[in-house]
Structures are given as structure tokens and as C-alpha cells.
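K.L.:
here is a sequence with its predicted model. Questions after.
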Amino acid sequence: MRKVVWIAVLVLVLILPLALAGGALIGNRLPWRAPPGPWARLALYLTTHEAVQEDNASRPELRPLAFAMPPARIQGLVVAACQALRWEVTEIATDERTLRVSAVVTTRLLRFRDEVTVEIRPAIEGQASVLRARSRSRVGQGDFGANTRHLLDLAATLARLTAF
């Protein structure tokens with residue numbers, strides 16, 4: 001009987017968390033082979049709880065998105081994309097040069113709530129826009145790539161909405 005208890009404890013303490021982590025990493029459908037490579041990506045996904053689109057991002061999927069549309073049109077499409085993804089839009093704001101959309105994403109398995117903020121600014125040409133997004137987990141130190149997945153889902157949905 002003691003052996004059965006120890007096996008159950010071993011499964012609960014070691015194997016179940018590893019299976020959940022592996023399932024999360026696989027389930028997020030991440031671009032493992034893209035730069036900077038699978039091992040660097042694994043280290044990032046296990047130690048960071050944020051994904052940010054920046055000009056000098058080491059991961060190609062985290063570079064800002066450019067659109068040949070005015071910012072107000074893109075802001076409307078971002079809201080539509082959030083709704084299509086079943087994200088809870090929490091704020092739609094405008095200031096002097098930046099349009100902003102904030103949303104909350106609830107993860108499927110463990111029901112964590114992640115915050116996504118999208119900023120849209122006019123490009124130099126005036127009728128073009130640059131979109132920068134950030135996804136951040138509210139809890140934890142590693143997100144298993146969930147925040148990167150949120151930004152990839154947003155980009156894919158926007159691509160579908162802007163394709164005529």
C-alpha cells in the first residue's frame with residue numbers, strides 16, 4: 001500500500017507539472033525553428049511573462065506591424081480582432097498621437113488572465129500606421145509562450161480582417 005501512495009505522490013509532484021508545462025508549450029503552437037532557435041526560445045518562454053513588439057526584437061514575430069491605413073481604421077480593426085478572438089476589451093483610448101486598445105485574455109487550461117495592450121501610431125507617410133502590442137501575464141515568471149501566442153493570434157486575425 002505504501003508503494004502505491006509513493007507512486008501517486010511522485011505522479012502528482014513531478015510528472016503532472018511536467019506534463020502540464022509540456023502541454024502548454026506544445027499547445028501554444030509557437031515558431032520554435034525561427035530565430036533565435038529552439039533552446040533560446042525555450043529559455044525565454046520559461047523565464048519571461050511578457051511579449052513586446054519592438055523595432056529591435058530578436059524574435060521576428062515580435063516586430064511592429066505596419067498597415068497602409070490610417071490609425072483610426074486600424075484601431076477599429078484591432079477591436080474587431082479582439083472580439084473575434086473572444087478577448088475582453090477593457091479600454092479604447094485616444095491621446096495626442098497614439099490610439100490604444102486594451103484587452104484581457106483568459107487562457108484556456110488554467111484560466112489565467114493576461115493583459116494585452118495595443119498602441120497604434122501614424123507612420124511618417126500620414127495614411128499609414130504602425131502597431132505595437134504588448135502581452136503580459138498577471139501572475140508567474142514564465143508564460144510557456146502564451147503571451148507570444150496572444151500576439152501571433154492578434155496578427156493573424158488582423159491579417160484576415162485587412163485582406164480584401
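P.N.:
Noted; the coordinates are in hand.
K.L.:
who does the helix or strand containing residue 133 pair up with?
P.N.:
Taking DSSP states H and E as the criterion, residue 133 maps to strand 129-137. As defined by DSSP bridges, the strand partners of strand 129-137 come to strand 50-52 (antiparallel), strand 65-67 (antiparallel), strand 113-122 (antiparallel).
K.L.:
please identify the buried residues of the longest one?
P.N.:
In this case it means strand 113-122. 114, 115, 116, 117, 118, 119, 120, 122 (16 or more other C-beta atoms under 10 Å). Quick note: C-beta positions are derived from backbone N, CA and C, even for glycine.
K.L.:
in this structure, where's the longest helix?
P.N.:
helix 146-162 (DSSP state H).
K.L.:
okay, the angle between that helix and strand 129-137?
P.N.:
Interaxial angle of helix 146-162 relative to strand 129-137 (axes from the mean of the first three to the mean of the last three C-alpha atoms, to 10 degrees): 150 degrees.
K.L.:
can you list the low-confidence ranges for the protein?
P.N.:
In the predicted model of the chain, residues 1, 10-12, 16, 20-23, 125-126, 164 satisfy pLDDT under 70.
K.L.:
residue boundaries of the helices in it?
P.N.:
2-10, 16-27, 38-47, 71-84, 146-162.
K.L.:
output the contacting helices and strands for the longest one.
P.N.:
Of the remaining helices and strands, those touching helix 146-162 by 3 or more C-beta pairs under 8 Å, 6 or more residues apart in numbering; DSSP states H and E are strand 50-52, strand 65-67, helix 71-84, strand 113-122, strand 129-137.
K.L.:
how far is it from where the chain is centred?
P.N.:
Put simply, helix 146-162 sits 8 Å off its chain's centre (C-alpha atoms, centre = their mean, to the nearest Å).
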